[in-house]
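K.L.:
how would this look folded up:
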Amino acid sequence: MEKLVAIVFSAILVMCCGSLVRSDAIDHHYKAGDLVPLYANKVGPYNNPSETYRYFDLPYCFRDYAIEKKETLGEVLNGDRLVSAPYKLEFLSVEDSQVVCRKNLTKEEVSQFRNVVKRDYYFQFYLDDLPLWGFIGVRHTTGQNERYFLHNHFHFHVHFNKDRVIEIILRTYQNAKAELTEDTGLLVDFVYTVTWKEIDTIFEERMKKYLSYASSANRWDWISNSFVTILILTGCLVTFYMRVVKKDFMEHTYDEVLTDDQEQKGWKYILGDVFRYPNHKSLFASVLGSGTQLFTLFYLNEIGFGCLSCGPLLFTFCLLNTVAIAYKATAALPFGTILLIVVLWIFVAFPLLVLGGIAGKNRKVAFQAPCHTTKCPRDIPPLRWYRGVLPQMALAGILPFGVIYVELYYMFASVWGHRIYSLYGIIFIVFIILLFATALVTVALTNFQLAAEDHQWWWRYTNILII
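P.N.:
Got it, this is the predicted structure:
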């Protein structure tokens with residue numbers, strides 16, 4: 001028992017330390033005249049955030065001079081394709097209607113821009129690791145006539161505090177647009193303006209701009225409700241054990257030999273079978289080992305944790321990646337990144353798996369059950385339908401899902417939508433609540449199963465944890 005507690009404590013300590021190892025912009029200090037990095041990332045239809053393409057897939061005049069940023073593995077897995085933007089923002093340097101370049105758009109290029117404006121394409125930039133968005137153009141509808149315009153003049157209004165960038169606001173000029181309605185060639189000047197304003201907001205609070213106060217309040221309210229639910233369940237479970245199980249333990253110890261099975265009932269009737277090894281115990285140990293690995297690495301690898309189970313997902317990944325490559329979407333992983341993941345699996349994950357298996361096989365520690373296990377397993381009496389595997393699995397998933405489904409909404413909104421997820425403290429609290437809810441439900445359902453004289457609890461317990 002002491003070893004189990006030590007293992008769990010070590011895993012929690014590693015997760016807490018790993019959650020603090022993050023890469024951010026805390027060291028971004030600038031002097032007057034220093035170049036503030038501005039990167040162009042991707043473009044895509046606003047109504048379909050999963051469909052994104054490279055920014056310079058559009059026929060801008062400055063795409064031949066763009067320099068690609070060396071991305072991290074997390075940025076590549078996230079679908080980011082960062083390239084240096086042509087707009088030069090020097091710290092505290094004001095620019096007024098500075099011309100970047102001039103280009104004669106051909107008929108085909110005008111048609112390409114018009115199609116993306118018609119589909120409400122947006123673009124994404126990063127200035128000092130701060131995201132900013134804007135639309136490629138705008139369309140005006142008058143009766144049955146539609147006119148399409150391309151934004152060619154951007155105004156970067158930057159807020160700063162001493163030597164740090166705090167906020168970036170991107171504006172477009174309504175009177176500075178290039179019309180794309182006709183299928184004719186067009187001469188376009190791409191222009192930008194830069195202004196600076198000092199504010200009192202500290203650097204550590206600059207991401208609060210991207211948070212909704214109403215949504216944050218709702219999430220804290222839901223966390224409070226979930227916490228109260230956990231307390232109620234804990235109280236009910238403790239009360240149950242105090243009234244029923246405590247009395248049984250006082251009357252019957254594990255060292256006693258059962259003399260009259262007919263006088264026993266419930267979990268005491270199957271006392272000699274509860275520690276019998278389950279069927280397919282090697283597979284059972286593998287499932288528990290993989291679950292422990294995923295549990296420990298959940299917070300150590302926040303961006304690419306899906307690669308931990310890449311085996312079952314390989315077919316799905318190949319199919320989706322092939323489609324993304326065919327459409328030249330940024331969601332497609334480059335060949336070099338795929339090769340890197342394969343190399344990591346071959347030279348890191350697989351050797352560690354083999355070494356762990358060898359160490360576990362050579363460490364012969366006999367399992368000592370707290371009670372005697374009978375030679376022949378007892379027959380399991382017929383159970384009602386609601387005590388079956390599927391009903392209990394469904395019941396075990398309802399409560400844990402109920403305590404996290406609000407936070408799941410915001411997580412999926414950040415993965416599949418335009419929302420930015422930055423409240424990692426909340427997700428850690430929700431994760432702890434989820435662990436408590438899962439533990440309480442598992443203990444309760446396992447106890448009910450043993451009370452029904454069903455001693456095959458090993459796989460049932462694992463199924464409940466998976467759900």
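
K.L.:
tell me the secondary structure for residue 190?
P.N.:
Following DSSP: H, G, I helix; E, B strand; the rest coil, residue 190 is assigned to strand.

K.L.:
just give the closest residue to it, not the sequence neighbours.
P.N.:
Excluding the flanking residues, the one nearest residue 190 by Cβ to Cβ, 6 or more residues apart in numbering is residue 100, at 4.5 Å. (C-beta placed from N, C-alpha, C; glycine too.)

K.L.:
helices and strands around the strand or helix carrying that neighbour, which ones?
P.N.:
Applying DSSP states H and E as the criterion places residue 100 in strand 95-105. Applying 3 or more Cβ pairs under 8 Å, 6 or more residues apart in numbering; DSSP states H and E, we find strand 95-105 packed against strand 186-198.

K.L.:
kindly recompute the last result at 10 Å.
P.N.:
Applying 3 or more Cβ pairs under 10 Å, 6 or more residues apart in numbering; DSSP states H and E, one finds that strand 95-105 contacts helix 107-118, strand 153-161, strand 186-198.

K.L.:
could you export these to JSON lines, including columns for distance to residue 146?
P.N.:
Output for the helices and strands packed on strand 95-105, formatted as JSON lines (distance: least, Cβ to Cβ, whole Å):
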{"stretch": "helix 107-118", "distance to residue 146": "8"}
{"stretch": "strand 153-161", "distance to residue 146": "22"}
{"stretch": "strand 186-198", "distance to residue 146": "17"}
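
K.L.:
closest one to residue 376 among the ones you listed?
P.N.:
Residue 376 lies closest to helix 107-118 among the helices and strands packed on strand 95-105, at 73.0 Å (Cβ to Cβ).

K.L.:
need the next SSE after that closest one, C-terminal direction.
P.N.:
Following helix 107-118 in sequence, per DSSP H and E, is strand 121-127.

K.L.:
pull that following strand out as CSV, backbone CA atoms only.
P.N.:
Taking Å, rounded to 0.1, in the frame of the first residue of the first chain, the C-alpha atoms of strand 121-127 are listed here in CSV:
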residue,chain,number,x,y,z
TYR,A,121,-12.0,34.6,-45.5
TYR,A,122,-10.1,35.8,-42.5
PHE,A,123,-6.4,36.0,-41.8
GLN,A,124,-4.3,35.5,-38.7
PHE,A,125,-1.2,37.4,-37.6
TYR,A,126,1.0,37.1,-34.5
LEU,A,127,2.7,40.2,-33.1
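
K.L.:
now the strands for the chain?
P.N.:
For the chain, the strands defined by DSSP state E cover 35-36, 38-45, 53-54, 83-84, 89-90, 95-105, 121-127, 130-135, 137-142, 145-151, 153-161, 164-172, 177-179, 186-198.

K.L.:
mean confidence for the second one?
P.N.:
Along strand 38-45, the predicted local confidence has a mean pLDDT of 91.

K.L.:
least trustworthy helix or strand in the chain by mean pLDDT?
P.N.:
Between all helices and strands in the chain, the lowest mean by mean pLDDT, DSSP states H and E belongs to helix 2-19, at a mean of 46.

K.L.:
ok so, going back, pick the most buried one from the strands of the chain.
P.N.:
Stretch with highest mean neighbour count among these: strand 38-45 (a mean of 22; mean count of other Cβ atoms under 10 Å).

K.L.:
who does that strand pair up with?
P.N.:
Strand pairing for strand 38-45, determined by DSSP bridges: strand 53-54 (antiparallel), strand 83-84 (antiparallel), strand 121-127 (antiparallel).

K.L.:
and that strand with strand 130-135, angle?
P.N.:
Using axes from the mean of the first three to the mean of the last three Cα atoms, to 10 degrees, one finds that strand 38-45 and strand 130-135 are set 40 degrees apart in direction.

K.L.:
for the stretch 101-250 of the chain, what are the low-confidence residue spans?
P.N.:
Within the stretch 101-250 of the chain, the segments meeting pLDDT under 70 span 211-217, 244-250.

K.L.:
now do the contacts for residue 113.
P.N.:
For residue 113, the contact set (Cβ atoms under 10 Å, 6 or more residues apart in numbering) comprises 58-60, 105, 121, 136-137, 148-150, 178, 180, 186, 188.
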